[in-house]
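Trainee: Here is the input, now give the coordinates:
(one chain, ligands or ions: 2)
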Amino acid sequence: MAVVLGIESSCDDMAVALVRDGTQVLASVVHSQDEVHADYGGVVPELASRDHVRHVHGTARRALERAGWTLERVDAVAVTAGPGLIGSLLVGLCFAKALAYRARKPLVAVHHIEGHLASARLGDDPLAFPFLGVVVSGGHSALYAVESGERIRLLGQTRDDAAGEAFDKLAKRMGLGYPGGREIDRRARSGRRDAYPFPRPMLKEPGLELSFSGLKTAAALEIARLERDGGGALGETEIADVSASFQEAVADVLVEKTRRALERTGYERVALVGGLAANSRLRERVGELAGERGVEVRYPPIQLCTDNAAMVAAVGHGLWRAGRFAGLDLEAFSRVPLGEVSSSAP
Ligand code: KG4
Ligand code: ZN
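Mentor: Ligands and ions are numbered 1, 2, ... in the order given. The predicted structure is shown next:
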């Protein structure tokens, strides 16, 4: 049995978790900064790192308490080294180094996206390899062939915005607060999915590339037109209809690309991960596709879809077992290809 303590601070969530044997979550604590950034309608990097400094220690203490564990009994410390906001990453990284040094534990460096992919393998019944990983979050939208914990191939990704970025911008434009993905999901439940014919970007192009910037602009233009015609801010029905129509456009694109990726890889398992995997309609649509094709589908529980440290500890467990330790000179990477974080260790 091995317990890994994971630390995640790549963006605006400070998270610490303890995970046993790479799958059993003993504790997963997330300190959210939504209130810090709400007035700005987006993450302010400087405010994010300052808030991380204030909360890293307490979050770690709480995670250990909840798990009923001590630092001395931890087998390794895993930390997200990239990609992400450099100031945010550095806080988690410095803290992880201090813990590892002080408790004489091995340190392992985790790639944030590998973490999201590993979230499909947390729990009593981890998804078997190989599987198609559909990562959709505030910062990333990509499809991966996950052959094993060590072999992950990028199949296609967004050329511009991440899907979550489009959700958040649209929510902000309609005055629904930040981050607004969850609110769009909620409003969409009473809206008409065919109210507005928003574009389905990249569907006509062959392949697995994605793009959400055009869809975001189309939705913003539609909102401007509605405001002009209605002489003011959108009413509840219009907000619901725009939300449902926009969400359906995103779902159509992601479902079709997922279908193509399943065909191309021949895989019989698919995992929807990242913040947008919390979206009720997306879960439903990917579930329907999986049912149609007879493939196994997995979405993490909602709290493990958005950024968390359990997924970091899960990847960390594999690295620790493989002896792929990082040195105390480990750096943070704002951008870094998959696989290069853990191999950057000396
Ligand atoms: O994975 P995550 O916590 O952070 C990144 O790695 O980017 O994802 C956050 C994103 C935000 O854009 C948020 O609005 C979105 O996930 N999100 C949702 C839902 N819950 C969170 N988007 C749509 N529907 C939801 N239910
Ligand atoms: Zn993330």
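
Trainee: Looks like P83 contacts S10 (just checking).
Mentor: Yes: P83 is in contact with S10 according to C-beta atoms under 8 Å; the separation is 7.0 Å. (C-beta placed from N, C-alpha, C; glycine too.)

Trainee: Show the pLDDT at the residue of the chain positioned farthest from its centre.
Mentor: Of all residues in the chain, G231 sits farthest from the chain's C-alpha centroid, using C-alpha atoms, centre = their mean; the distance is 37.9 Å. Reading off the per-residue confidence, G231 sits at a pLDDT of 94.

Trainee: Quickly note the distance from it to L319.
Mentor: Per C-beta to C-beta, to the nearest Å, G231 is found 58 Å from L319.

Trainee: the helices in the chain, which residues?
Mentor: When secondary structure is read from DSSP state H, the chain shows helices at 34-38, 45-67, 86-103, 112-118, 163-173, 181-188, 213-230, 236-265, 280-293, 302-305, 310-321.

Trainee: which residues are in contact with both of P83 and S10?
Mentor: Common neighbours of P83 and S10, counting by C-beta atoms under 8 Å, 6 or more residues apart in numbering, are H112.

Trainee: Look at the two and report which has more neighbours.
Mentor: S10 (29 against 22; other C-beta atoms under 10 Å).

Trainee: List phi and psi for the residue lying closest to the more buried one once chain neighbours are set aside.
Mentor: The shortest distance from S10 to any residue that is not its chain neighbour, by C-beta to C-beta, 6 or more residues apart in numbering, is 2.8 Å, and that residue is G84. Torsion angles at G84 (phi, psi; degrees, to the nearest 10) stand at phi 160, psi -170.

Trainee: How about the contacts made by G84?
Mentor: Taking C-beta under 8 Å, 6+ apart, we find G84 in contact with 9-11, 112, 139, 332, 334.

Trainee: Look over those and name the one with the lowest pLDDT score.
Mentor: Lowest model confidence among the contacts of G84 falls on G139, which carries 92.

Trainee: For that one, give me its contacts.
Mentor: With contacts defined as C-beta under 8 Å, 6+ apart, G139 is in contact with 11, 83-84, 162, 164-165.

Trainee: ok, those residues vs ligand 1, which is closest?
Mentor: When those are compared for distance to ligand 1 (C-beta to the nearest ligand atom), G164 wins out at 2.8 Å.
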